[in-house]
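Asker: Got a sequence here, can you model it:
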Amino acid sequence: MGAGLTIGYVNFTVMLFLLAGTAILRIDVKAYEAAGMNKEKKAARFLGWFNIGLGLVTLIGNLIVKGLT
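Answerer: As a prediction, the model looks like this:
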């Protein structure tokens, strides 16, 4: 057993959050705007920025934790 060896999925998670948020903002928001669906557009915009924010918070948190160890 290797002590200190870990398989981390944080980088994958960060990338997934950022890509999903960007896709929501670029694709869904525009589609809802074109269809005149204002409530859905607001919800998609919120979820897109929430995903991007969560990805950035996770990235910064990971960098802080790596710096402390």
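Asker: Nearest residue to the middle of this structure?
Answerer: Centroid check for the chain by C-alpha atoms, centre = their mean gives Phe17 as the closest residue, at 2.1 Å.
Asker: Quick check: the residue nearest to Ile52 when sequence neighbours are not counted vs Lys66, distance?
Answerer: Nearest residue to Ile52 in three dimensions, chain neighbours excluded: Gly21, at 3.7 Å (C-beta to C-beta, 6 or more residues apart in numbering). No exception for glycine: its C-beta is placed from N, CA and C like everyone else's. Counting by C-beta to C-beta, to the nearest Å, the gap from Gly21 to Lys66 is 23 Å.
Asker: Likewise for Arg26?
Answerer: Taken as C-beta to C-beta, the span from Arg26 to Lys66 is 31 Å.
Asker: May I see the buried residues of stretch 30-49?
Answerer: For stretch 30-49, a neighbour-count test (16 or more other C-beta atoms under 10 Å) marks 32, 41, 44-45, 47-48 as buried.
Asker: residue contacts, the residue nearest to Ile52?
Answerer: Shown in contact with Gly21 (C-beta atoms under 8 Å, 6 or more residues apart in numbering): 47-53, 55.
Asker: Let's see that with 10 Å instead.
Answerer: Going by C-beta atoms under 10 Å, 6 or more residues apart in numbering, Gly21 touches 47-56.
Asker: One more: Thr58?
Answerer: Thr58 makes contact with 10-11, 13-14, 16-18, according to C-beta under 10 Å, 6+ apart.
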